[in-house]
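In: Need coordinates for the following:
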Amino acid sequence: MRLKIGPPAWPIFNSNTPDFFAPEERPQYSEFMQSLVLKRPYLVLRDGDEVVGCGGLKVIAQEKTAFLSWGMVARHYHGKGVGRFLAEARLNLARGIKEVETVTLNTSQHSRGFYEKLGFTATKVTPNGYAPRLDRWDMILQVK
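Out: Sure, this is the predicted structure:
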């Protein structure tokens, strides 16, 4: 597998619905993708011509934090290290920003264990926070 940067694609979102993303989140993701600007990094990983992972990083300097946004990996690439590579790339970007002391994110109960292995801890759990049977876990990681 050779990963490279490339344009985002809807198949990743679709491959993770409804287990990791609720169908109701589609308009929110579409709005996010349309609002991307150069000051908000959004990484896209490709294996050949296929987009296999993507995720953003939003810096909130006044709060001394960065927010991992809309990270996802194509379903058939789960468990192959792509998610870890993507998360660590975004964390390294955050660590390189002098204003950033913490990194935050929100995810479902299905991905929380993945982020706990990276050192994130839960700050809040909202049952059915995204959709029925799809809980929202707010998490934080100290990077400085």
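In: For the rest of this, base every contact and every neighbour count on C-alpha atoms.
Out: Noted.
In: so how far is the helix or strand containing Ala89 off the chain centroid?
Out: Assigned by DSSP states H and E, Ala89 belongs to helix 82-95. Mean-position distance between helix 82-95 and its chain equals 9 Å (Cα atoms, centre = their mean, to the nearest Å).
In: could you say what helices and strands the helix or strand just after that helix packs with?
Out: The helix or strand immediately downstream of helix 82-95 is strand 102-107, counting by DSSP H and E. Counting contacts by 3 or more Cα pairs under 8 Å, 6 or more residues apart in numbering; DSSP states H and E, strand 102-107 packs against strand 65-73, strand 134-142.
In: residues in contact with strand 102-107?
Out: Residues outside strand 102-107 that contact it (Cα atoms under 8 Å, 6 or more residues apart in numbering) are 64-69, 91, 94, 136-144.
In: Paired strands for that strand, with orientation please.
Out: Strand 102-107 has the following sheet partners, assigned by DSSP bridges: strand 65-73 (parallel), strand 134-142 (antiparallel).
In: now, of the ones you listed, which is deepest in the fold?
Out: Highest mean neighbour count of those: strand 65-73, a mean of 22 (counted as mean count of other Cα atoms under 10 Å).
In: How far away from the center of its chain is that one?
Out: With Cα atoms, centre = their mean, you get 3 Å for strand 65-73.
In: low pLDDT regions in the chain?
Out: Where the chain drops to pLDDT under 70, the residues are 1-9, 35-40.
In: let's see 90
Out: Low-confidence segments of the chain (pLDDT under 90): 1-16, 18-21, 23, 25-44, 46, 48-51, 144.
In: For Lys144, see how far away the residue nearest the centre of it is.
Out: By Cα atoms, centre = their mean, the chain has its centre lying nearest to Gly71, at 2.1 Å. Distance of Gly71 to Lys144, given as Cα to Cα, to the nearest Å: 22 Å.
In: for Arg26, same thing?
Out: From Arg26 to Lys144 the distance is 34 Å (Cα to Cα).
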